[in-house]
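S.K.: What shape does this take:
(chains A and B)
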Amino acid sequence: DAKTTQPNSMESNEEEPVHLPCNHSTISGTDYIHWYRQLPSQGPEYVIHGLTSNVNNRMASLAIAEDRKSSTLILHRATLRDAAVYYCILRSLGDMRFGAGTRLTVKP
Amino acid sequence: GAGVSQTPSNKVTEKGKYVELRCDPISGHTALYWYRQSLGQGPEFLIYFQGTGAADDSGLPNDRFFAVRPEGSVSTLKIQRTERGDSAVYLCASSLTGLAGVEQFFGPGTRLTVL
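M.R.: Residues are numbered from 1 along each chain as shown, chains lettered A, B, ... in the order given. Predicted structure coming up:
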């Protein structure tokens, strides 16, 4: 599986937008870009996924670069409940291979 | 509706013992996954079932680990001769299919402690 690179940690202020970057320069044409997040003491939770086009859902937006070598997860208004570890994952087969993710801290 | 459930939520055992961890996926989900997560790290893939068969078991660390899903629903992860290094949270996930564009739903995990 292709690898992803994410910053170890990021901080945001409450009610401000957050842009979480992910680099995946070795992405293949069949790789989907998935984002999951994990709140403390819980299992991971699906956030969003996409293949080529930008995607929006009730939780977030996913912006995918034209060459697909990077993507950005956008939380439009961060809340304290968004504090979690966010994982960017490339997936072309059934399983998912997680990296270390980005720990997002939201300050009130 | 009911999500993925895992039992027990916590398991403490002694080195060398045998343990079984159970996963009840969401009804109708054909794909089931096992992961384990050590403190401060992301989940590590162990095995993936499509129906009753293991489609990919390349993540199982050694032959002490084994998993079954005999009727294509409930799955059991079995660990023989447990070692202290097996201590981790074991996560189960299920999805409607095993296709790459489908989301996985995770259970709360089983925290295994090997003394």
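S.K.: contacts and neighbour counts: CA atoms only from here.
M.R.: Fine.
S.K.: can I assume B:Arg111 sits in a strand?
M.R.: Yes: per DSSP: H, G, I helix; E, B strand; the rest coil, B:Arg111 lies within a strand segment.
S.K.: who's in contact with it?
M.R.: Residues counted as contacts of B:Arg111 (Cα atoms under 8 Å, 6 or more residues apart in numbering or on different chains) are B:9-11, B:87-90.
S.K.: Please tell me how far the nearest residue to it once chain neighbours are set aside sits from A:Gly50.
M.R.: What sits nearest to B:Arg111 in space, not counting adjacent residues and going by Cα to Cα, 6 or more residues apart in numbering or on different chains, is B:Val89, at 4.3 Å. Using Cα to Cα, to the nearest Å, one gets 28 Å for the distance from B:Val89 to A:Gly50.
S.K.: the more surrounded of those two?
M.R.: Neighbour count, other Cα atoms under 10 Å in any protein chain shown: between B:Val89 and A:Gly50, B:Val89 has more, with 23 against 20.
S.K.: what bridges to that one?
M.R.: Beta-bridge partners for B:Val89, by DSSP bridges, are B:Gln37, B:Arg111.
S.K.: OK, contacts around it?
M.R.: B:Val89 neighbours (Cα under 8 Å, 6+ apart): B:36-38, B:109-112.
S.K.: Identify all contacting residues around stretch B:72-88.
M.R.: Applying Cα under 8 Å, 6+ apart, the contact partners of stretch B:72-88 are B:14-25, B:27, B:29-30, B:32, B:34, B:36-39, B:50-53, B:64-69, B:111-115.
S.K.: Among those, which lie within strands?
M.R.: B:19-24, B:32, B:34, B:36-37, B:50, B:53, B:65-68, B:111-114 (DSSP state E).
S.K.: now those residues: which count as buried?
M.R.: B:19, B:21-24, B:32, B:34, B:36-37, B:50, B:65-68, B:111-114 (16 or more other Cα atoms under 10 Å in any protein chain shown).
S.K.: how close does the closest residue to A:Pro21 other than its chain neighbours get to A:Ser53?
M.R.: In this structure, A:Pro21 finds its nearest non-sequential neighbour in A:Thr72, 4.5 Å apart by Cα to Cα, 6+ apart. Distance of A:Thr72 to A:Ser53, given as Cα to Cα: 12 Å.
S.K.: Can you pick out the residue with more neighbours from those two?
M.R.: Ranked by neighbour count (other Cα under 10 Å), A:Thr72 and A:Ser53 place A:Thr72 first, with 19 against 12.
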